[in-house]
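Q: My questions are about this predicted structure, shown below with the sequence.
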Amino acid sequence: MVITVPGFADDRQGVRHFFGTRHEPTGPDRAVHAVVSVNQVHGTDVLVVDRPVAGTQTFDGGWDALVTDQPGVLLTVRTADCVPMLIHDPVHGVVAAVHAGWRGAVAGIVPKTFAVMTKRFGSQPASLRMSIGPSVGFCCYEVDEPVLSRLRAGYADWRSLVQETKPDAARLNLRGLVHGQAQLAGVREEGIHSVSLCTVCHPALFHSYRRDGMARSTMVSGIMLAPRRGASRRRRGKRRAD
């Protein structure tokens with residue numbers, strides 16, 4: 001079982017995407033030429049896949065965002081409370097998948113991904129479409145002073161994202177943080193879609209580190225440009241990083 005957002009992107013736009021649940025999808029997608037996964041480190045490094053790849057590709061190093069212009073290459077991120085973000089540039093034919101926990105979000109993984117898309121492929125934020133997937137909700141995400149101090153230092157509008165629960169602790173709207181960063185970067189409000197489901201509140205549907213106290217498993221979310229007709233399944237790979 002996966003979650004899709006037709007208002008964000010669908011086959012008619014040449015894009016396939018999904019947000020994962022704890023129930024794995026059944027059956028392979030024959031259109032997938034390659035599946036790209038990375039070691040996520042809550043940082044801001046972006047992996048750019050701008051050459052054909054094949055099979056299951058895992059790249060060395062730590063990355064929290066992936067970008068490609070290659071059809072048939074499924075970009076994937078794993079989450080269990082952090083925010084999965086999927087991005088589509090319909091003008092230049094580029095997609096991206098982002099893993100945004102509070103560390104990466106505060107450090108700027110969202111604007112960094114947009115900047116890489118602009119530099120490498122000419123993407124303009126005003127033309128982008130973005131979907132924010134299920135994650136820990138404002139209802140369940142209490143953070144302490146070390147998190148709040150980083151937020152205050154890194155985001156001018158931080159007060160709109162928190163609600164104090166006790167001295168030196170507050171609830172944090174993590175989805176609101178990445179949504180606001182996208183708007184500040186120039187993504188139009190009508191281009192931003194959000195799946196407003198809390199991973200903590202729905203144990204039958206999602207894994208949650210915060211709820212379970214440990215990472216029992218993660219959900220996989222992904223996005224891919226539909227392959228062109230007649231494209232060969234025999235691919236070679238090369239990576240580039242920003």
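A: Here it is on my side, so go on.

Q: distance from the centroid: which residue in the chain tops it?
A: What lies farthest from the middle of the chain is P167; by CA atoms, centre = their mean that is 31.9 Å.

Q: Give me the phi and psi for that one.
A: P167 has phi and psi values of phi -50, psi 130 when expressed as degrees, to the nearest 10.

Q: which stretches of this protein have low pLDDT?
A: Scanning the chain for pLDDT under 70 picks out 25-28, 30, 215, 229-242.

Q: what distance separates stretch 220-231 from the middle of the whole chain?
A: How far stretch 220-231 lies from its chain's middle: 17 Å, per CA atoms, centre = their mean, to the nearest Å.

Q: brain fart, stretch 125-137
A: Here stretch 125-137 is found 8 Å from its chain centre; the criterion is CA atoms, centre = their mean.

Q: go on, stretch 205-215?
A: Computed by CA atoms, centre = their mean, the chain-centroid distance of stretch 205-215 equals 18 Å.

Q: Stretch 59-69 too?
A: Between the centre of stretch 59-69 and the centre of its chain there are 11 Å (CA atoms, centre = their mean).

Q: How about stretch 174-184?
A: Distance, centroid of stretch 174-184 to centroid of chain: 12 Å (CA atoms, centre = their mean).

Q: Same check on stretch 75-93?
A: With CA atoms, centre = their mean, you get 3 Å for stretch 75-93.

Q: and it, how far apart are its ends?
A: This stretch, stretch 75-93, spans 14 Å end to end (CA to CA, to the nearest Å).

Q: Check which residues of that stretch are buried.
A: Buried residues in stretch 75-93, counting neighbours by 16 or more other CB atoms under 10 Å, are found at 75-90, 93. From N, CA and C alone the C-beta is placed, and that goes for glycine too.

Q: With stretch 98-118 instead?
A: Buried residues in stretch 98-118 (16+ other CB under 10 Å): 98-107, 109-118.

Q: Output stretch 204-219 as CSV, nothing but the C-alphas.
A: Below are the C-alpha coordinates for stretch 204-219, written out as CSV (Å, rounded to 0.1, in the frame of the first residue of the first chain):
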residue,chain,number,x,y,z
ALA,A,204,-1.6,0.7,11.6
LEU,A,205,-0.3,2.7,8.7
PHE,A,206,3.2,4.0,9.5
HIS,A,207,6.4,3.2,11.3
SER,A,208,7.4,5.8,13.9
TYR,A,209,10.6,6.1,15.8
ARG,A,210,9.1,8.6,18.2
ARG,A,211,6.1,6.4,19.0
ASP,A,212,8.0,3.1,19.2
GLY,A,213,11.2,4.3,20.8
MET,A,214,13.3,2.5,18.2
ALA,A,215,13.6,2.3,14.5
ARG,A,216,11.8,-1.0,13.9
SER,A,217,11.6,-0.2,10.2
THR,A,218,11.2,2.7,7.8
MET,A,219,8.8,3.7,5.0
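
Q: which residues touch it?
A: The contact list for stretch 204-219, computed with CB atoms under 8 Å, 6 or more residues apart in numbering, reads 19-23, 78-81, 84, 134, 136, 140-141, 197, 199-200, 203.

Q: Could you tell me how far that stretch lies from the centre of the chain?
A: 17 Å.

Q: Also stretch 171-183?
A: 13 Å.

Q: Over to stretch 73-92?
A: Stretch 73-92 has its C-alpha centroid displaced from the chain centroid by 4 Å (CA atoms, centre = their mean).

Q: now swap in stretch 100-108 and tell me
A: That offset, for stretch 100-108, works out to 12 Å (CA atoms, centre = their mean).

Q: Could you list the residues in contact with it?
A: Contacts to stretch 100-108, defined as CB under 8 Å, 6+ apart, come from residues 42-44, 64, 81-85, 109-110, 143, 147, 150-151, 154-155, 172, 174, 177-178, 181.

Q: any chance you could map the helices in the chain?
A: 102-107, 109-121, 145-154, 174-185, 209-212 (DSSP state H).
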